[in-house]
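Student: structural data only, the sequence is not supplied:
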């Protein structure tokens, strides 16, 4: 009997703490070109290194800008979303595995928005 009460109490606690009760909503969509920025910046850093340490550092920003624009021009941009949390806070999150529309309800796992799955 005592064991059953513990299981019942734990189940109630877990249900009440479910992330699916939050009302996090997608409010904006953005292109995400983080990958292009990284590749362009690192490539420029390495090439700029031929001119020495100063060349490496001076090459990072233009390389990052070029990488972002190349990714965007090739139509390879990823997706990022502004999510309004239940407390009114807005955060921008990347989502390489899921696509959302404005108004979709999501829950946040780590640094990624995930779709809210509703079971009948």
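Tutor: Happy to help now that I have it. Just so we're clear, the structure is a prediction, and the values are computed from it rather than from any experiment.
Student: contacts for the lengthiest helix in the chain next, please.
Tutor: Of all segments of type helix in the chain, defined using DSSP state H, the longest is helix 53-73. Applying C-beta atoms under 8 Å, 6 or more residues apart in numbering, the contact partners of helix 53-73 are 31, 33, 35-49, 77. Where C-beta positions appear, they are placed from N, C-alpha and C, glycine not excepted.
Student: any idea which helix or strand comes after it?
Tutor: strand 78-84 (DSSP states H and E).
Student: starting at the chain centroid, how far to that next one?
Tutor: Here the centre of strand 78-84 is set off from its chain's centre by 7 Å, with C-alpha atoms, centre = their mean, to the nearest Å.
Student: list the buried residues of it.
Tutor: 79-81, 83 (16 or more other C-beta atoms under 10 Å).
Student: max-length strand in the chain?
Tutor: Assignment by DSSP state E gives strand 24-32 as the longest strand of the chain.
Student: just checking: what are the partner strands of that strand?
Tutor: Its sheet considered, strand 24-32 pairs with strand 78-84 (antiparallel), strand 105-109 (antiparallel) by DSSP bridges.
Student: quick one: contacts for the residue nearest the centre of the chain?
Tutor: Centroid check for the chain by C-alpha atoms, centre = their mean gives residue 94 as the closest residue, at 2.4 Å. Listed by C-beta under 8 Å, 6+ apart, the contact set of residue 94 reads 32, 34, 78-80, 111-112.
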